[in-house]
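[1] show me how the following folds:
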Amino acid sequence: MLGANFTQVDGDTYEGYHKVGLNGGGIVYMKLSENMGASMEMVYTQKGSHDISQSESPYIGTYFSEYKLKVNYVEIPVMFHFLTSRRLHYEIGASYARLINSSEFLYSNPGAVIDPNVYYFRKSDICALAGGYYQIYKWWFLEARFQYSLATIRDAARIPIGGPQQFNNVVTLRLVRFLNNTDH
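    Numbering: from 1, shown residues only. Below you'll find the predicted structure:
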C-alpha cells in the first residue's frame, strides 16, 4: 500500500491539514467470516504540522513566518474490517507507532530556535483509527482513513508552541493492492 497523510498537530496553535507526508508499507489480511476480516500492517508514516503566516509590524512592516514539524514513525495498525459488500469495507482499530526521528523549525523575523534536545517527542504514539476501503478494480482498493493520538505526543514541559497537550491528527488516502484475492 502507498499513499499520503494529510496531517496537523492539535495543540500547536496552527490549524489545517497542511503537512503532507508519505504513508506506505505492507498488510496481512485475514477473512474471519462472510462479513468480517482482520488485518495487521507495518507502515512507514510521516506526520507533523506546517503553517505559513503573514504579520504586520510598525517597525519592520509586513513579514512572514513559517513553522515546520516533521515526525516520522514506523507504525503497526491492527484493524477489524466490516464487509458490507464486495466493493465496500469499513474498518476500525488501533495502532502503535515508534518514533524514528523528528525535526521542528520556526523561520521568522525575529528568528527563533527550537532545540530538539529540550523539546523532544515521546518515543511511542498509540492511536485510534477508522476508515473504509472501496474496490476500484480486481485486487486494487482505495482507502480513506482517519487517525488520532490517544495520548499527547510530548510532555507539557517539552512543548515550545501551543497548549499543554499535542496530538497527531491524520487523514490518510492510499492505494492498496492485495496479492491474493481469495474471495476478498
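[2] once you drop chain neighbours, what's closest to Gly24?
    Leu2 (4.3 Å; CB to CB, 6 or more residues apart in numbering). Using the backbone N, CA and C atoms, a C-beta is placed for each residue, glycine as well.
[3] so that neighbour makes contact with Leu173?
    No. Judged on CB atoms under 8 Å, Leu2 makes no contact with Leu173 at a distance of 10.5 Å.
[4] ok, back up a step: where's the residue nearest to Gly24 relative to Thr84, distance?
    Leu2 sits 25 Å away from Thr84, going by CB to CB, to the nearest Å.
[5] swap in Asp10?
    For Asp10 relative to Thr84 (CB to CB), the value is 31 Å.
[6] tell me which of these two has more neighbours.
    Ranked by neighbour count (other CB atoms under 10 Å), Asp10 and Thr84 place Asp10 first, with 18 against 10.
[7] now that one: how far from Glu91?
    According to CB to CB, Asp10 stands 22 Å off from Glu91.
[8] same thing with Tyr14?
    Distance of Tyr14 to Glu91, given as CB to CB: 29 Å.
[9] quick one, strands of this protein?
    2-10, 19-31, 36-57, 61-83, 88-107, 124-137, 140-149, 167-177 (DSSP state E).
[10] residue ranges with poor pLDDT in this structure?
    Across the chain, the ranges flagged by pLDDT under 70 are 110-111, 162, 181-184.
[11] please tell me I have it right and Asn23 contacts Phe6.
    No. Under the criterion of CB under 8 Å, Asn23 is not in contact with Phe6, lying 9.8 Å apart.
[12] now for those two: what residues contact both?
    A shared contact of Asn23 and Phe6, defined by CB atoms under 8 Å, 6 or more residues apart in numbering, is any residue touching both; here these are Thr172.
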